[in-house]
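Engineer: Provided below for reference: sequence and predicted model.
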Amino acid sequence: MRDEPILQVQRLEKVFGRSCSHCQHQDTRQLEKNFCPYCGTVYACRNISFELFPGEILGIVGESGSGKSTLMQCLYFDETATGGEMFINHEDFKEKNIFALSNQQKRYVRNHILGMVYQNPAKGLKMNFSSIGNIAEKLIAAGNRHVGEMERVGTELLDKVHLPLFRMKEEPKRFSGGMQQRVQIAKALSNYPPILFLDEVTTGLDLSVQASVLDLIKTIQREMGISMIVVSHDLAVIRMLADRTMVMLNGEVIEKGLTDQILEDPQDAYTQQLVYSLL
Amino acid sequence: MTRLHHFAFFDEGSKKEIRRTILKAISIPGYQVPFSSREMPIARGWGTGGLQVTLSIIGKDDVLKVIDQGSDESVNAVNIKKLVEKTTGIAITEGTAEATIIQSRHRIPEQPLTEGQVLVLQVPAPEPLRSVEKSERQTKILHAEEEYSGAWLQLFEQIMKYGQTKTGADHPVYVADRYVMAPSPIPRFDNHKMNHSEALILLGAGREKKIYAVPPYTDVRSLAFEDYPFTVESFAEQACHLCGSTDTFLDEIIDADKDKVYYQCNDSHHCLAQVNGAIQGKGDISYA
């Protein structure tokens, strides 16, 4: 039995710069890494296609500058994709290219169907608003206008991410990095999005906190059946979380498959280098 | 009389630009229309927005009332009145009903305004989303996409911290079910006066270079959560010590020498009218 993919991305492109005669055409362009040596145009994401299935975690690995975060930002509409299509298996948007929707509709998709956890909590949270307020923000955006209900959901989620509840009315700027990250996860989960994006969520956290955040993500996936895309340059994180993995280099997907397969039997030269450089 | 200034201080080109801005503002209720705010003979932040609106719509037959925090006689109101009077020669009044244009700071008069009147409000901070989003470019996008989570979030935070919404003034309103608007720092007590107002309401922010409007008979709804309905200031059944009104916005005046607290109408003209009416009323009875 094969499920319908919940998210489908086809030929996604993201270009920074105006291109020149040397790099305009996909087949003839000669890039240095991911940029054109003549005009400096950066091809951050090139011809990226993939599918995400319900309840699955898809891992994306690659060195810094390989286009992982840019890809995520395009999927969450923080950046506008230059080209390509995105489809979501949701009754309101069936057969519709999400990238071609109006900004207002994109905001709806973002507020109702997607969740995002950024590497830097300052990007996903309002540091000067209370933690419970931060969670309420996402619920308000999704149309909730009932304080009691939002407080209940927020409290439940903050408890789920093991945040001491007596601190829920404090601002995240007074929290440790790990706590901020957990508030961010609670916020992303608040409207039970079917799709969650996690961008380097454990980078910069110490090992014990990393473990508890990873544990939390795994629990959430099991209990809530949320589909996730996890971006990381840390293969251990990918090994623990992801069912399937894509390897990115210079804006392109160079290898994809089952995580175990990629880590145990890498095919591409770069992937081999990446896997064997694991300390 | 020879005037040193052009009628109403401005040259006609400036008036034309501001009038066009006002027309656009009226056409899109609650939308902040940018305009090229002029240097005025008073400092920015002291009512230049309201003054520019007043000067560009005023005509020779108009009668002007200017109030500041409910008072016709405070420095700001008096100076603005003097400037308009000097440069136009039009009649000035304190009577709310006689005025065709009422420029105000922080209050809407107690006496209901009527069709044909124009209320000009001075606005220090026109952007209701500014405290959650610093960038003007971003707030413009948020308005365009009708994304007002930020305005609601501020109210939610107040409820979390204090158990109720604590907007002392400038409680945000939804205009015609589309734009969220800062009603200028009027007390919550005055918010409902904007809803289906018979008078045209123009709001001018000189420092922030924005003009916006609430046309007559427009829906204006104060933001409130389902389980925390919008409430106005209550004065715990106090009455004005001068006129005895219990249904007006009262100022609390503390007399430190006598260690006493007085309550007095904030709207000085309305209070005076009540007192005069009461005296006249008594007279009628005694002479009857």
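Structural biologist: Sure, I can see it.
Engineer: from here on, contacts and neighbour counts on C-alpha atoms
Structural biologist: OK.
Engineer: who are the contact partners of the residue in the stretch 151-279 of chain A that chain B sits nearest to?
Structural biologist: Per CA to the nearest CA, A:Lys169 is where the stretch 151-279 of chain A lies closest to chain B, at 7.2 Å. With contacts defined as CA atoms under 8 Å, 6 or more residues apart in numbering or on different chains, A:Lys169 is in contact with A:Ser130, A:Ser131, A:Ile132, A:Gly133, B:Met160, B:Lys161.
Engineer: please repeat the previous calculation with a cut-off of 10 Å.
Structural biologist: A:Phe129, A:Ser130, A:Ser131, A:Ile132, A:Gly133, A:Asn134, B:Glu157, B:Met160, B:Lys161 (CA atoms under 10 Å, 6 or more residues apart in numbering or on different chains).
Engineer: same question for A:Asp92.
Structural biologist: A:Asp92 makes contact with A:Val109 under the criterion CA under 10 Å, 6+ apart.
Engineer: repeat for the one 4 residues further on
Structural biologist: For A:Lys96, the contacting residues are A:Glu85, A:Met86, A:Phe87, A:Ile88, A:Asn89, A:His90, by CA under 10 Å, 6+ apart.
Engineer: SS state for A:Arg46?
Structural biologist: Following DSSP: H, G, I helix; E, B strand; the rest coil, the label given to A:Arg46 is strand.
Engineer: hang on, isn't it packed against A:Phe35?
Structural biologist: No - judged on CA atoms under 10 Å, A:Arg46 makes no contact with A:Phe35 at a distance of 11.2 Å.
Engineer: which stretch of helix or strand covers the closest residue to B:Gln32 other than its chain neighbours?
Structural biologist: Excluding its sequence neighbours, the residue lying closest to B:Gln32 (CA to CA, 6 or more residues apart in numbering or on different chains) is B:Tyr212, at 4.8 Å. Secondary structure assigned from DSSP states H and E places B:Tyr212 in strand B:210-214.
Engineer: so for that strand, what's the average pLDDT?
Structural biologist: Averaging pLDDT along strand B:210-214 gives 98.
Engineer: can you give the strand pairings for that strand, parallel or anti for each?
Structural biologist: If you go by DSSP bridges, strand B:210-214 pairs up with strand B:33-34 (antiparallel), strand B:200-205 (antiparallel).
Engineer: for those, which one sits closest to B:Asp257?
Structural biologist: Of all the strands paired with strand B:210-214, it is strand B:200-205 that lies closest to B:Asp257, at 39.7 Å by CA to CA.
Engineer: shared neighbours, A:Arg46 and A:Phe35?
Structural biologist: A:Val15, A:Asn250, A:Gly251.
Engineer: show me the contacts for the last one.
Structural biologist: What it means is A:Gly251. A:Gly251 makes contact with A:13-15, A:33-35, A:42-48, A:62, A:65-68, A:70-71, according to CA under 10 Å, 6+ apart.
Engineer: just the buried ones from these?
Structural biologist: Taking 16 or more other CA atoms under 10 Å in any protein chain shown as the criterion, what is buried in the contacts of A:Gly251 is A:13-15, A:34-35, A:42-48, A:62, A:66-68, A:70-71.
Engineer: hang on, the earlier thing: mind putting the strands paired with strand B:210-214 into TSV with mean pLDDT and mean neighbour count?
Structural biologist: Output for these, formatted as TSV (pLDDT from 0 to 100; neighbours: other CA atoms under 10 Å in any protein chain shown):
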stretch	mean pLDDT	mean neighbour count
strand B:33-34	98	17
strand B:200-205	98	26
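Engineer: any chance of the ones you listed in JSON lines, with distance to A:Arg107 too?
Structural biologist: What follows is the strands paired with strand B:210-214, written out as JSON lines (distance: least, CA to CA, whole Å):
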{"stretch": "strand B:33-34", "distance to A:Arg107": "24"}
{"stretch": "strand B:200-205", "distance to A:Arg107": "30"}
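Engineer: of all the ones you listed, which lies closest to B:Glu85?
Structural biologist: Nearest of those to B:Glu85, taken as CA to CA: strand B:200-205 at 19.8 Å.
Engineer: still on that earlier bit, which among the contacts of A:Lys169 gets closest to A:Gly204?
Structural biologist: Set against A:Gly204, the nearest of the contacts of A:Lys169 by CA to CA is A:Ser131 (21.0 Å).
Engineer: can you pull the contacts of the closest one?
Structural biologist: Going by CA under 10 Å, 6+ apart, A:Ser131 touches A:125, A:137, A:154-155, A:158, A:163, A:167-173, A:175, A:180, A:183-184, A:186-187, B:157.
Engineer: rerun that using 6 Å as the cut-off
Structural biologist: Applying CA atoms under 6 Å, 6 or more residues apart in numbering or on different chains, we find A:Ser131 in contact with A:Met168, A:Lys169, A:Glu171, A:Pro172.
Engineer: ok, which stretches of the stretch 1-150 of chain B are helices?
Structural biologist: B:12-27, B:48-57, B:75-88, B:136-144, B:149-162 (DSSP state H, counting those that start in this stretch).
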